[in-house]
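Engineer: Take this sequence and fold it.
(one chain, ligands or ions: 1)
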Amino acid sequence: LDPPQLAQAVELIRLLNCGAMSQAVCVAAQLGVADELASGPKHVAALAQHTGAHAPSLHRLMRALVSLDLCLEIEDGLFSLTATGSCLRSDTALSLRSWAMLSGTHMRSMWGHLLYSVKTGCRASELATGAGTFGLLSRDGENAAVFNRAMAEITRLVGHEVLRAYDFRNMRRIVDVGGGYGALIAAVLQAYPDSQGVLFDLPHALNGARIHLAEAGVEKRCEFAVGDFFESVPAAADGYLLKTILHDWSDEECTTILTNCRRAMAPSAKLLLIERILPDRFSSSPLHQAIARADLSMLVGHTGRERTEAEFAGLLASSGFKLARVTVTGLEFSVLEGVPD
Ligand SMILES: C[S@@+](CC[C@H](N)C(=O)[O-])C[C@H]1O[C@@H](n2cnc3c(N)ncnc32)[C@H](O)[C@@H]1O
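Structural biologist: As a prediction, this is how the structure comes out:
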């Protein structure tokens, strides 16, 4: 074997090991290790006691976190957090703890059925849970809270980028359709103090959403409307936000959701889709990896998929809209503006 061939094999081993090491990160999130280290370095014995873990095994997990640059071992058995590790804390603006917990539990069980989905074209979530994700959320409050918090964590990061990319100045009343805990509408309302919001979602998001809107200081300007976007959406707003909604659903289901939005909207209102745009052709890059991961996640978990700009334009056209503008943000999301046609 010459060194370049060996390097290729080593690279493949590294890729294959990613799943195992990401599970180590998820377990650290489940145990709350980063919250324990938030106040400063701790010895593994104290960490084990506070997190209810077996100390020698936790030590092994902590060393894995060091190898991933999430922790430092300052001296034998004494650990602290790195800047990236701090994102596993539950109480920071950059927290991804719930996302890590969701990845290591519900999503991992879906991904375990990827072969089934690739062979059949059917989602695996029904095999794993007996229901689609959103059906499951209505039956399992604890899972729903982890899911909703995970979405809010990602959306909080994306919200900044959406605000940079889009001017909401002329939108006095804005509906966040399928807005979950309201991370996006909260960011928009914080930036536009004269605007009012409606957070529209299924009942599982209601209680958590109230807490999140209050924490963001916008609860007086944002009502929560419970409903089903396959039936109708709240009427008479200037703006309708749909962040990572259409990617969950098939073309037919998307057309129903969009047609219901169109029915609720005045001719001057705008519809904003915040979605990843599928490239026409993939290459090897972190951005394309992120989009491919999301696309496969939709394959195993939902009836949807990621779409190209032309596919979004087609969906909008079949629901009474035209695609007016597309703005790429600094993260993997774009803002697609639809206007009534
Ligand atoms: C992928 S999450 C996106 C949440 C939020 N827009 C975000 O990006 O953070 C999809 C959301 O759609 C909501 N949803 C699913 N089916 C729905 C329905 N039939 N009517 C209203 N909301 C629904 C879910 O409850 C969930 O909050």
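Engineer: Okay, and the residue nearest the centre of the chain sits in which element?
Structural biologist: When the chain is reduced to its mean C-alpha position, the closest residue under C-alpha atoms, centre = their mean turns out to be residue 151, at 3.9 Å. Residue 151 is located in helix 141-165, with elements delineated by DSSP states H and E.
Engineer: immediately after that helix, which helix or strand?
Structural biologist: Moving toward the C-terminus from helix 141-165, the next helix or strand (DSSP H and E) is strand 173-177.
Engineer: If you count neighbours, what's buried in stretch 312-322?
Structural biologist: Buried positions in stretch 312-322, judged by neighbour count with 16 or more other C-beta atoms under 10 Å: 312-313, 315-316, 319-321. Heads up, the C-betas are built off the backbone N, CA and C, glycines and all.
Engineer: Not counting its neighbours along the chain, what's nearest the residue nearest to the centre of the chain?
Structural biologist: Spatially, and ignoring its direct neighbours in sequence, residue 151 is nearest to residue 180 (4.7 Å; C-beta to C-beta, 6 or more residues apart in numbering).
Engineer: and the one you found, how far is that from the ligand?
Structural biologist: The gap separating residue 180 from the ligand is 4 Å, by C-beta to the nearest ligand atom, to the nearest Å.
Engineer: what residues are up against the closest residue to the ligand within the stretch 151-300 of the chain?
Structural biologist: Here the stretch 151-300 of the chain gets closest to the ligand at one residue, residue 178, 3.0 Å apart by C-beta to the nearest ligand atom. When contacts are counted by C-beta atoms under 8 Å, 6 or more residues apart in numbering, residue 178 touches 200-201, 229, 242-243, 245.
Engineer: just checking, the residue nearest to the centre of the chain touches residue 179?
Structural biologist: No - counting by C-beta atoms under 8 Å, residue 151 does not reach residue 179; the two are 9.3 Å apart.
Engineer: Show me what from the stretch 1-150 of the chain comes close to the ligand.
Structural biologist: Within the stretch 1-150 of the chain, the positions lying close to the ligand (C-beta under 6 Å from any ligand atom) are residue 134.
Engineer: Now the residue of the stretch 1-150 of the chain found nearest the ligand: closest residue in space that isn't a chain neighbour?
Structural biologist: Here the stretch 1-150 of the chain gets closest to the ligand at one residue, residue 134, 4.2 Å apart by C-beta to the nearest ligand atom. With sequence-adjacent residues excluded and distances taken as C-beta to C-beta, 6+ apart, residue 134 is closest to residue 202, at 6.6 Å.
Engineer: isn't there a helix covering the residue nearest to residue 151?
Structural biologist: No - Residue 180: not assigned to a helix; according to DSSP: H, G, I helix; E, B strand; the rest coil it is coil.
Engineer: so how far is residue 257 from residue 174?
Structural biologist: 17 Å (C-beta to C-beta, to the nearest Å).
Engineer: where does the stretch 151-300 of the chain have low pLDDT?
Structural biologist: Along the stretch 151-300 of the chain, no part satisfies pLDDT under 70.
Engineer: List the buried residues in whichever strand or helix holds residue 292.
Structural biologist: Taking DSSP H and E as the definition, residue 292 sits inside helix 286-301. Within helix 286-301, the residues that qualify as buried are 291, 294-301, counting by 16+ other C-beta under 10 Å.
Engineer: on contacts alone, who are the packing partners of that helix?
Structural biologist: Here helix 286-301 touches helix 106-111, helix 114-120, going by 3 or more C-beta pairs under 8 Å, 6 or more residues apart in numbering; DSSP states H and E.
Engineer: So what touches the next helix or strand after it?
Structural biologist: Per DSSP H and E, the first helix or strand lying C-terminal to helix 286-301 is helix 309-317. Residues outside helix 309-317 that contact it (C-beta under 8 Å, 6+ apart): 246, 251, 254-255, 258, 271, 273, 275, 277-278, 307, 322-323, 326, 336, 338, 341.
Engineer: How far off centre is stretch 211-218?
Structural biologist: Centroid separation for stretch 211-218 versus its chain: 19 Å, with C-alpha atoms, centre = their mean, to the nearest Å.
Engineer: And stretch 138-156, by the same measure?
Structural biologist: For stretch 138-156, the distance to the chain centre is 9 Å (C-alpha atoms, centre = their mean).
Engineer: buried sites along that stretch?
Structural biologist: Buried residues in stretch 138-156 (16+ other C-beta under 10 Å): 140, 143-156.
Engineer: cool, stretch 104-124 as well?
Structural biologist: 104, 106-107, 110-111, 113, 117, 123-124.
Engineer: Now it - C-alpha only, CSV.
Structural biologist: Extracted C-alpha coordinates of stretch 104-124, given in CSV (Å, rounded to 0.1, in the frame of the first residue of the first chain):
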residue,chain,number,x,y,z
GLY,A,104,-29.0,10.8,19.7
THR,A,105,-32.4,9.5,20.4
HIS,A,106,-35.4,10.0,18.1
MET,A,107,-33.4,10.8,15.0
ARG,A,108,-30.9,8.1,15.5
SER,A,109,-33.6,5.5,15.6
MET,A,110,-35.0,6.8,12.3
TRP,A,111,-31.5,6.8,10.7
GLY,A,112,-31.2,3.2,11.8
HIS,A,113,-33.8,2.4,9.1
LEU,A,114,-32.1,4.3,6.3
LEU,A,115,-31.6,1.1,4.3
TYR,A,116,-35.3,0.4,4.4
SER,A,117,-36.1,4.0,3.2
VAL,A,118,-33.6,3.9,0.4
LYS,A,119,-34.9,0.5,-0.8
THR,A,120,-38.6,1.3,-0.6
GLY,A,121,-38.8,5.1,-0.8
CYS,A,122,-40.9,5.0,2.3
ARG,A,123,-40.3,6.9,5.5
ALA,A,124,-38.9,4.8,8.4
